[in-house]
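1. Could you look at this predicted model? Sequence included:
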Amino acid sequence: MNAKIHPISVIDEDSVKSGKRSRVSGIDRALQVLDHLYETGAPCSAYAIAKAIGAPLSTVYVIVDDLVEKNLLTRGADGLIWLGARLYHFGLAYARSLDFMSVATHEMHDLCRQVGETVQLCGRDGDHMLVLAMAEGPSHFQVASRVGTRVPLNWTASGRLLVGHLPDDERLELFRRCARSSPTGRADVDPAKLSAAAVDAMKARLSIQAGESDYAVACIASPICDRDGRCVATISIVLPEQKAFSDETHYTSHARASADRIEELMGWRGH
């Protein structure tokens with residue numbers, strides 16, 4: 001008999017042991033499992049998932065079995081759990097329905113051809129910057145951040161732009177919470193400086209970072225803002241640090257122009 005997820009609340013055994021009773025629906029538990037796999041970016045065991053999300057192991061086993069049956073999760077020969085192919089098809093269908101992604105992706109590829117470098121579209125995912133799409137340049141220069149990569153907002157040029165429109169207190173509190181030291185040690189972690197830099201970047205419609213998240217890698221980004229002036233995404237050129245500063249104006253003008261075109265095509269240039 002196949003295990004099923006029932007649309008009823010389940011009692012969290014850990015909460016019961018601590019003297020508290022809380023109810024978490026099967027759907028919520030399923031989302032917690034999917035979110036954990038997405039955030040960790042690697043297959044893991046049902047036991048590890050249960051421990052990470054604070055759910056009873058028996059509950060997680062039932063949910064995982066049901067999701068595997070429905071191809072929303074897959075179980076490897078080693079027993080580890082990973083995201084299933086059905087999620088990919090859902091993602092493709094969702095992406096096709098978004099006019100913005102269609103317009104922005106077309107512009108991303110045009111910019112890639114114009115400058116001959118890798119170009120990325122980036123968005124915000126909570127306290128992180130998320131790479132939404134990427135067009136690889138013709139050079140052999142390798143970019144570590146692929147589609148789906150999430151990094152702290154203070155590590156990137158795009159991260160600053162994505163929060164530059166927020167109210168001062170909200171932006172400052174966000175950087176206090178999420179600023180992290182980068183692998184290179186060059187990313188600023190001072191909330192006040194980061195908050196001010198975000199405002200300046202939005203006013204200039206340009207943000208540049210070099211060597212903050214990856215050694216010898218530079219990023220030149222421009223904000224894509226909706227009709228209310230909120231930065232919904234960025235378009236950025238990723239290239240070798242030395243190359244970026246040898247012809248900075250060339251790259252910055254192209255990045256700004258691409259962001260402008262996306263806003264015009266979306267009808268957002270009134271902000």
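-> Structure's in. What do you need?
2. Going along the chain, name the helices of the stretch 101-250 of the chain.
-> Using DSSP state H, counting those that start in this stretch, the helices of the stretch 101-250 of the chain run over 157-162, 168-178, 191-204, 241-246, 248-266.
3. what helices or strands is the first one leaning on?
-> Counting contacts by 3 or more C-beta pairs under 8 Å, 6 or more residues apart in numbering; DSSP states H and E, helix 157-162 is packed against strand 118-125, strand 128-135, helix 191-204, strand 207-210, strand 217-225, strand 231-240. No exception for glycine: its C-beta is placed from N, CA and C like everyone else's.
4. re earlier: and of the helices of the stretch 101-250 of the chain, who's closest to Ala93?
-> Closest to Ala93 of these is helix 248-266 (C-beta to C-beta; 20.9 Å).
5. Next, the buried residues of that closest one.
-> Residues of helix 248-266 classed as buried under the neighbour-count rule (16 or more other C-beta atoms under 10 Å) are 251-252, 254-256, 258-259, 261-263, 265-266.
6. which sections of the stretch 1-150 of the chain are below the confidence cut-off?
-> Within the stretch 1-150 of the chain, the set of residues satisfying pLDDT under 70 comprises 1-23, 96-98, 140, 142, 144.
7. for it, what spans make up the strands?
-> Remark: strands assigned in the stretch 1-150 of the chain by DSSP state E, counting those that start in this stretch are 9-11, 23-25, 73-75, 81-83, 118-125, 128-135, 150-152.
8. Point out the most buried one among the ones you listed.
-> Highest mean neighbour count among these (mean count of other C-beta atoms under 10 Å): strand 118-125, with a mean of 23.
9. Quick one: residues in contact with it.
-> Surrounding strand 118-125, the residues in contact under the criterion C-beta atoms under 8 Å, 6 or more residues apart in numbering are 101, 104-105, 108-109, 111-112, 129-137, 141, 143, 145, 150, 153, 156, 158-159, 162-163, 221, 232-239, 258.
10. Apply 6 Å and report the result again.
-> Applying C-beta atoms under 6 Å, 6 or more residues apart in numbering, the set of residues contacting strand 118-125 from outside is 104, 108, 111-112, 129-137, 143, 150, 158, 162, 233-238.
11. How about stretch 31-41?
-> Under the criterion C-beta under 6 Å, 6+ apart, residues 49, 52-53, 63, 83 lie in contact with stretch 31-41.
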